[in-house]
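K.L.:
here is the input, now give the coordinates:
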Amino acid sequence: MKKIVIEQSSKAFYSSHSGLALVGNLINGYTSLCERLEKEVPGQPRVSHGDVVKTYLGLLCLGKSDFEAAQGVADD
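P.N.:
Numbering: from 1, shown residues only. Presented below is the predicted three-dimensional model:
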């Protein structure tokens, strides 16, 4: 398993999206979240259960707690 190195920088730089890259990397690289959801949750949705959960986790990382906020980034 690859290690993720988190270091303090000599230059302080913070953005509202900083944690999103880390959380996305952790979810995609270190979990089998999407595969587990597809096995456990029945049905054939147009949007996969994994995509819905990853979208909501991304919104939570940005400090947005309602799923309607996803409309603002739907075309990204």
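
K.L.:
per-residue confidence for the residue of the chain positioned farthest from its centre?
P.N.:
The C-alpha centroid of the chain is most remote from Ser10, which lies 27.4 Å away (C-alpha atoms, centre = their mean). Turning to Ser10, the model gives it a pLDDT of 81.

K.L.:
before we move on, what SS does it have?
P.N.:
coil (DSSP: H, G, I helix; E, B strand; the rest coil).

K.L.:
tell me the phi and psi of it?
P.N.:
Torsion angles at Ser10 (phi, psi; degrees, to the nearest 10) stand at phi -70, psi -20.

K.L.:
show me where this structure has helices.
P.N.:
18-30, 33-40, 49-61 (DSSP state H).

K.L.:
save these as a markdown table, and put in distance to Ile6 and mean pLDDT too.
P.N.:
In this view, the C-beta of every residue, glycine as well, is placed from N, C-alpha and C. Listed next are the helices of the chain as a markdown table, based on distance: least, C-beta to C-beta, whole Å; pLDDT from 0 to 100:
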| stretch | distance to Ile6 | mean pLDDT |
| --- | --- | --- |
| helix 18-30 | 8 | 80 |
| helix 33-40 | 21 | 84 |
| helix 49-61 | 15 | 85 |
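
K.L.:
buried deepest among those, which one?
P.N.:
helix 49-61 (a mean of 16; mean count of other C-beta atoms under 10 Å).

K.L.:
that older thread, and the residue farthest from the centre of the chain, how far from Gln71?
P.N.:
39 Å (C-beta to C-beta, to the nearest Å).
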